[in-house]
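J.: got a structure for you, letters missing:
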Ligand code: PEP
């Protein structure tokens, strides 16, 4: 079975102590994950080691960075490279979240370089794509997200891209309380998979987890995750509340 993933994105939230407590509370629920199920915590850089220690003995619980730089190393004060993350045993990194695309001017081309940096350093990118409201209203969301995949991912060889995780996150649903309907989510996830299949073939397309992100909560996760092409969620707000995220992990197929 394709991997099913509950990924938390803490963004720029929580003090260190609040983060420790949140991890304790989630892990106290003792949710045992099957081989195909993963829980990944994308935490602020200074909390990576604390979170990594917290999950060290847990099966299929992992830690992710929320970003990395697109260059290997150099005079980029305040930045973090994929190589640095690898040297800290961090295995995942969110790449191209819509907030970074908007506030940090991250382009599809720059994201292709970040994806390369991740793979060169044995880090699995959780690659985010998704359309803003005006594109959804114009009905051109499929072309928009297909271009994001093509421009940032389709230079990768098949045996590399097959390891990626994609998160489809309609921008109009992030932090707004508006969730895509299950029909909307399934339709575009299926479309994204067909775009990947067109480039790399069905077998590879069927291996890649495509997560849904955008106001996933305990009360809608099960329904969203039940869609055939939705392989879990990338979760912002609800991942900061232990009781919510516990239910979201439990909602994985
Ligand atoms: C996100 O941070 O990627 C996200 C989907 O946020 P929220 O769940 O709060 O909409």
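T.: Cool, got the structure. Note that the structure is predicted; figures quoted are calculated from it, not measured.
J.: count of residues packed around the closest residue to residue 24 other than its chain neighbours?
T.: Spatial nearest neighbour of residue 24, chain neighbours left out: residue 54 (7.4 Å); criterion: CB to CB, 6 or more residues apart in numbering. The way it works is simple: take the backbone N, C-alpha and C, and place the C-beta from them, glycine included. Here the count is done by other CB atoms under 10 Å, and residue 54 has 21 residues near it.
J.: is any residue of the helix ranked longest in the chain near the ligand?
T.: Ordering each helix of the chain by length in residues (DSSP state H) puts helix 182-200 first. No: if you take CB under 6 Å from any ligand atom as the test, helix 182-200 misses the ligand, and the best it gets is 12.3 Å.
J.: helices and strands around that helix, which ones?
T.: Other elements packing on helix 182-200 under the criterion 3 or more CB pairs under 8 Å, 6 or more residues apart in numbering; DSSP states H and E are helix 141-153, helix 158-161, strand 165-168, helix 202-205, strand 210-213, helix 221-225.
J.: from the protein, which residue is nearest to the ligand?
T.: Closest contact between the chain and the ligand, by CB to the nearest ligand atom, is at residue 236 (2.2 Å).
J.: quick one: contacts for that residue?
T.: 9, 11, 174-175, 213 (CB atoms under 8 Å, 6 or more residues apart in numbering).
J.: nearest residue to residue 76 in space, please, no chain neighbours.
T.: residue 69 (5.7 Å).
J.: my read: residue 98 touches residue 174, true?
T.: Yes: in this structure, residue 98 is within contact of residue 174 by CB atoms under 8 Å, at 6.3 Å.
J.: what sits in contact with each of these two?
T.: Residues touching both residue 98 and residue 174 by CB under 8 Å, 6+ apart: residue 130.
J.: still on that earlier bit, where does the residue nearest to residue 24 land in three-state SS?
T.: Following DSSP: H, G, I helix; E, B strand; the rest coil, we place residue 54 in the helix state.
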